[in-house]
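Peer 1: mind looking at a prediction? Sequence and model below.
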Amino acid sequence: MSISNCPASLPKIKRRDFELKKQKGFSLIELLIVVAIILIIAAIAIPNLLRSRMAANEASAVGSVRTINTAEVTYSSAYPDVGFTLTLSRLGGPTGTCATGGSGATSTQACLIDNVLGAGTKSGYTFVLSGTAATPQTTFTLKASPVTVGSSGQRGFYTDHTGVIRYNQSGSATSTDNPLQ
């Protein structure tokens, strides 16, 4: 066979036809690196988020204690024959009764606080009123404790008829603890 018997023009084979085509997308290593970075960021951010939530719950609890203090003074002024109440639900009332601007308020449903706070639990804290049985009631004590110490809040709060709010880092405050500044 001689060269003269070959066709005059053979198709030229381009080099790129034999190369592997480049795939578009991420390699497994790149994806693993991205996942590792996301996990590191989450490990840093989640504890900060939990601390922020606890601080917000504690601030809400202090606000609620102040609200209850004010409601107790208002209640004892409105119902002097009863004095202070030892029941949070008496400071609240049903939505229908209180929705009319408190016009349906009574000594058993004074419409001075919202129903959530009147139920005794709000923003990760439990609120408990107590005192001695007397008529009229001249004193009261209020304790606000985290539902789960270290998770929903760290500090416990205490107040009484004097209006001074006290706190304790252990989650349960008493009348001998430091006043809140």
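Peer 2: Received it, and whenever you're ready, just let me know what you need. The model shown is predicted, which means the values in this text are computed figures rather than measured ones.

Peer 1: list the contacts of the residue nearest to residue 170 when sequence neighbours are not counted.
Peer 2: Excluding its sequence neighbours, the residue lying closest to residue 170 (CB to CB, 6 or more residues apart in numbering) is residue 156, at 6.8 Å. Using the backbone N, CA and C atoms, a C-beta is placed for each residue, glycine as well. Applying CB atoms under 8 Å, 6 or more residues apart in numbering to residue 156 gives the contacts 143, 144, 145, 146, 167, 168, 170, 171, 172, 173.

Peer 1: so what sits opposite residue 156 in the bridge?
Peer 2: residue 168 (DSSP bridges).

Peer 1: so which bits of stretch 156-164 are buried?
Peer 2: Using 16 or more other CB atoms under 10 Å as the burial criterion, the residues of stretch 156-164 that qualify are 156, 157, 158, 159, 160, 161.

Peer 1: wait, residue 62 touches residue 180, no?
Peer 2: Yes - Residue 62 lies in contact with residue 180 (CB atoms under 8 Å); the separation is 6.7 Å.

Peer 1: can you list residues touching both of those two?
Peer 2: 157, 165.

Peer 1: flag the shaky bits of this structure, pLDDT-wise.
Peer 2: 1-23, 95-97, 99-103 (pLDDT under 70).

Peer 1: now for the helix ranked longest in the chain, which elements pack on it?
Peer 2: Using DSSP state H, we find that the single longest helix of the chain is helix 28-78. Applying 3 or more CB pairs under 8 Å, 6 or more residues apart in numbering; DSSP states H and E, one finds that helix 28-78 contacts helix 88-91, helix 115-118, strand 121-122, strand 125-130, strand 141-146, strand 156-160.

Peer 1: in TSV: those, plus distance to residue 48.
Peer 2: What follows is the helices and strands packed on helix 28-78, written out as TSV (distance: least, CB to CB, whole Å):
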stretch	distance to residue 48
helix 88-91	33
helix 115-118	27
strand 121-122	24
strand 125-130	21
strand 141-146	19
strand 156-160	23
